[in-house]
Every structure is written in structure tokens, then in C-alpha cells.
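> Provided below for reference: sequence and predicted model.
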Amino acid sequence: MHDAQQIFIPQSFSELFKDPLRPHAKLSEPFSHISARYDFCEDLAQMVCQTALNMMGSLNITEHDVIERILQGLSVGESVVSASEARWVVQRMAELLNWDIMDIFNLLMEMQARLLEKAATSHGLTPDPSLSEHEL
């Protein structure tokens, strides 16, 4: 068996490469690409753990603040990760640090809603106030 096929890739990561409207469809990228991206993102998540702890200690900020700052750092300019990979890295970091995952998930959803609203506004669109945050 090829080494790449022996790597366990969590469903939470492989779902980044699926169409959410077609959950039973094939992955959008070859396994070798997804495996390489997973290895990179897992390493990145483990590396930012110490950064997160340092930020909390030296800046005296909350877990939420740390997550927002790290996510912003992963999303600036020509980032080495996609937006969905950045969210996964932050979620994985929180998991490794034993932070409250549900709380982190809710924070990421709020941040995503704000980003979508900002993008809509920058394109001259106004978000429909009747939509809930989960529909954005």
C-alpha cells in the first residue's frame, strides 16, 4: 500500500474539499493533494498552539481574541492556506489546547457572517436583515 493512502485524514478536513450542497459527491482534489494539505495544516495548527499561549500570557487577552488574531494572521495577503483551511487550523489549534470547541465554532460562524456582510457591503450590496446568521 502506498504511504499516502495510509494517512488518516479527519472527516472535518476532507469535507473542505467537498461541495456542501452535494455531500455524497467525490472530493474536488486528488487524495495526494488533500493529504499534503492536511499534513501542512496539521503542522501549522500545532505550531500556532505555542503562539496562542504566548499571546494570551503576554497580551492578557481571551481565547476569542487569540482566535480572531490568529485567523486574521492566516488570512492576510497571499496566505499559504485557504479561508476554509484557516478556519480548520484554528479549530484544530483550539482542540489541541483543550479549548471549548462549541464556543470556538460559534465564534468562527460569527466571524464568517461579519466577513460576508463586509464583502457584500464593499460590493454595494446590503445583506437581507431577515436572514439569520446561520443562513449567511
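Sure thing, it's come through.

> tell me the buried residues in the helix ranked longest in the chain?
Longest helix in the chain, counting residues (DSSP state H): helix 31-59. By 16 or more other Cβ atoms under 10 Å, the buried positions in helix 31-59 come out as 34-35, 37-38, 41-42, 44-45, 48-49, 52, 55. (Glycine included, C-beta is placed from N, CA and C.)

> distance from the very next helix or strand once past that helix to the middle of the chain?
Where DSSP states H and E defines the elements, the next helix or strand beyond helix 31-59 is helix 63-75. Helix 63-75 has its C-alpha centroid displaced from the chain centroid by 10 Å (Cα atoms, centre = their mean, to the nearest Å).

> picking up where we left off before, by contact count, what packs against the longest helix of the chain?
Contact analysis of helix 31-59 by 3 or more Cβ pairs under 8 Å, 6 or more residues apart in numbering; DSSP states H and E lists helix 3-6, helix 11-14, helix 63-75, helix 83-96 as its packing neighbours.

> okay, the angle between the last one and helix 63-75?
Here helix 83-96 runs at 140 degrees with respect to helix 63-75, directions being taken by axes from the mean of the first three to the mean of the last three Cα atoms, to 10 degrees.

> would you mark the buried spots in helix 83-96?
Residues of helix 83-96 classed as buried: 85-94 (neighbour count, 16+ other Cβ under 10 Å).

> do the same with the second one
Of the residues in helix 11-14, those with enough neighbours to count as buried (16+ other Cβ under 10 Å) are Phe13.

> so for that helix, mean pLDDT?
The pLDDT scores in helix 11-14 average 88.

> what's that helix packed up against?
helix 31-59, helix 83-96.
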